[in-house]
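Peer 1: what follows is a protein structure lacking sequence information:
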DNA sequence: CTGATAACATACACGCATGCATGTATCTTC
DNA sequence: GAAGATACATGCATGCGTGTATGTTATCAG
């Protein structure tokens, strides 16, 4: 599960590239940063921001707090970087697959399924955890979080409006409210299921379809037609 | 919104009963305990356990930490009491209404709607916040939380199984997994909607129905028994 | 009215996590 | 290969929150 949890007790930690060559400074730094980011993401996902202790983050990545404070200005800066990192990863692995989808309904259902698969990693609940911890507060983390959330929210809102214009999504509450519920239901279901495949994917799609008000078999009517390129993709290149 | 947020800067705080009589010790103590519990619930809901600072809890209730440590053994004891208090309130206001419901589907949808209404208060997210903060940890708060969650989960699981036996709920993933997703989707949607009535109620019911795999109008047929699909503007009165 | 006890306030000690300053190893450049 | 820079480790100071001990006020018993 953990990618870089090897404590590397010997002194030769991460000083050699995969190809055997000596690391360049940039490679070394990037690897450290990645390991710290992933460890911090796991920590944030499981403990929240307040309970996150930086020494544990560093240790679980195979470093000390010194490395962490070299890579990141402070705890807040680390959290912001994690948010950006998770957002980026999400866009790569989930958002990308729905960009080319023409049918809004299919795009939204694919989104839900993709999110469920994405959240099988232990990094999943970062967004939900931080949002619960900071929602309504005046804090840089809250603002950054609102930013990425707003982006996804707008995306869903547009898809819902488009679906309604096409008649594939029935009328109901304002599109933005539906989009909020869509995201919440999807994330809530996925979190509770805690990555137990394959039910997480099916039930996330069901919840999503329900919020949209469409017949649930729209989410299961394409059992063979999987979301683009996302076959039983394993959670993590462990 | 706040019930007992008056700081009562003068010395006559809470020494007189509503009827003007001098308070008895028991009344006085009970009122203090209630105020502290409610303040703590708000705090837990908005900040989580780790970020909860007891002096703020006490002050927002009109007391100091002294009163808090007189009523509760420590921070953990306070959190456990809040969990029990919220659970009790939930059973009174939501659970009670579904006990006499014979139709499992209607019971589940009523549960979702009731939960949405219940969560319009600022006390709502306590369960979700603490669950995210403690899930998977070995902590008394986590165990207590698992207890009340398990109770609700079993309830939903039984209702789902009953509905399937009756044929009103279609087959699908294991009932327990569906129940998990049901709770998660319901809570997630409600939290994201943050109590904006009346959409929270409608969309919570939609999400719930979707997870169950039933036609969504089963969730809107409750208030005003509409004929099937003949509602161009089915949204509730804004 | 008076002692006793509960309800609450105030003051202090302790642990702990953060942030920074300093020290050491590794890499780069010339 | 030596000097400079970068990556990282170690030690220290500070702030902050909890828990507890002690002091003060309100209620109760006789």
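Peer 2: Nice, thanks for sending it over. Since the structure is predicted, the reported quantities are computational estimates derived from the model, not experimental observations.

Peer 1: which single residue in chain A comes nearest to chain B?
Peer 2: Closest approach between chain A and chain B, counting by C-beta to the nearest C-beta: residue A:210, at 1.3 Å. Any C-beta I mention is one placed from the backbone N, CA and C, and that applies to glycine too.

Peer 1: count of neighbours near that residue?
Peer 2: By other C-beta atoms under 10 Å in any protein chain shown, 32 other residues sit near residue A:210.

Peer 1: likewise for residue A:56?
Peer 2: 15.

Peer 1: pretty sure it is touching residue A:42, no?
Peer 2: No. In this structure residue A:56 lies outside contact range of residue A:42 using C-beta atoms under 8 Å: 10.0 Å.

Peer 1: run through chain A and note the low-pLDDT ranges.
Peer 2: Confidence mapping of chain A against pLDDT under 70 gives the ranges A:1-23, A:216-238.

Peer 1: tell me what the longest helix along chain A is packed against?
Peer 2: Using DSSP state H, we find that the single longest helix of chain A is helix A:140-166. If contacts are counted by 3 or more C-beta pairs under 8 Å, 6 or more residues apart in numbering or on different chains; DSSP states H and E, helix A:140-166 sits against helix A:75-90, helix A:104-118, helix A:126-134, helix A:175-193.

Peer 1: would you mark the buried spots in it?
Peer 2: Across helix A:140-166, burial judged by 16 or more other C-beta atoms under 10 Å in any protein chain shown covers A:141-142, A:144-145, A:148-149, A:152-153, A:155-157, A:159-164.

Peer 1: likewise stretch A:176-195?
Peer 2: A:177-195.

Peer 1: now the helices and strands packed on helix A:140-166 in JSON lines, with distance to residue B:28?
Peer 2: Formatted as JSON lines, the helices and strands packed on helix A:140-166 follow (distance: least, C-beta to C-beta, whole Å):
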{"stretch": "helix A:75-90", "distance to residue B:28": "42"}
{"stretch": "helix A:104-118", "distance to residue B:28": "51"}
{"stretch": "helix A:126-134", "distance to residue B:28": "35"}
{"stretch": "helix A:175-193", "distance to residue B:28": "41"}
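
Peer 1: nearest to DNA strand D, of the ones you listed?
Peer 2: Closest approach to DNA strand D among the helices and strands packed on helix A:140-166 (C-beta to the nearest atom of the strand): helix A:75-90, 13.1 Å.

Peer 1: show me what that closest one is packed against.
Peer 2: Right, helix A:75-90 is packed against helix A:25-47, helix A:54-60, helix A:104-118, helix A:126-134, helix A:140-166 by 3+ C-beta pairs under 8 Å, 6+ apart.

Peer 1: next, the angle from it to helix A:126-134.
Peer 2: Interaxial angle of helix A:75-90 relative to helix A:126-134 (axes from the mean of the first three to the mean of the last three C-alpha atoms, to 10 degrees): 140 degrees.

Peer 1: does DNA strand D sit close to helix A:75-90?
Peer 2: No. Figure legend: helix A:75-90 not in contact with DNA strand D (C-beta under 7 Å from any atom of the strand); closest approach 13.1 Å.

Peer 1: hmm, that helix touching DNA strand C?
Peer 2: Yes. Residues of helix A:75-90 contacting DNA strand C under C-beta under 7 Å from any atom of the strand: A:75, A:76.

Peer 1: sticking with the nearest residue to the residue of chain A closest to chain B once chain neighbours are set aside, tell me its helix or strand.
Peer 2: Excluding its sequence neighbours, the residue lying closest to residue A:210 (C-beta to C-beta, 6 or more residues apart in numbering or on different chains) is residue B:210, at 1.3 Å. Per DSSP states H and E: residue B:210 is located in helix B:199-212.

Peer 1: starting at the chain centroid, how far to that helix?
Peer 2: 16 Å (C-alpha atoms, centre = their mean, to the nearest Å).

Peer 1: what's the angle between that helix and helix B:140-166?
Peer 2: Using the same axes, to 10 degrees: helix B:199-212 against helix B:140-166 is 60 degrees.

Peer 1: now do helix B:199-212 against helix A:175-193, angle only.
Peer 2: Going by the same axes, to 10 degrees, helix B:199-212 makes 50 degrees with helix A:175-193.

Peer 1: for helix B:199-212, name the packing helices and strands.
Peer 2: In terms of contacts (3+ C-beta pairs under 8 Å, 6+ apart), helix B:199-212 is packed against helix A:175-193, helix A:199-212, helix B:104-118, helix B:175-193, helix B:217-220.

Peer 1: surely residue A:149 touches residue A:128?
Peer 2: No. Using C-beta under 8 Å, residue A:149 is not in contact with residue A:128; the gap is 10.3 Å.

Peer 1: ok, residue A:140 - contacts?
Peer 2: A:76, A:80 (C-beta atoms under 8 Å, 6 or more residues apart in numbering or on different chains).

Peer 1: try 6 Å this time
Peer 2: The contact partners of residue A:140, by C-beta atoms under 6 Å, 6 or more residues apart in numbering or on different chains, come to residue A:76.

Peer 1: any idea how far it is from residue A:133?
Peer 2: Distance, residue A:140 to residue A:133, by C-beta to C-beta, to the nearest Å: 13 Å.

Peer 1: then residue A:212?
Peer 2: Taking C-beta to C-beta, one finds residue A:212 at 29 Å from residue A:133.

Peer 1: do the same with residue A:191
Peer 2: 14 Å.

Peer 1: what comes up buried for stretch A:32-50?
Peer 2: A:32-33, A:35-49.

Peer 1: near chain B too, which of those?
Peer 2: The residues of these that also fall near chain B, by C-beta under 6 Å from any C-beta of the partner chain, are residue A:48.
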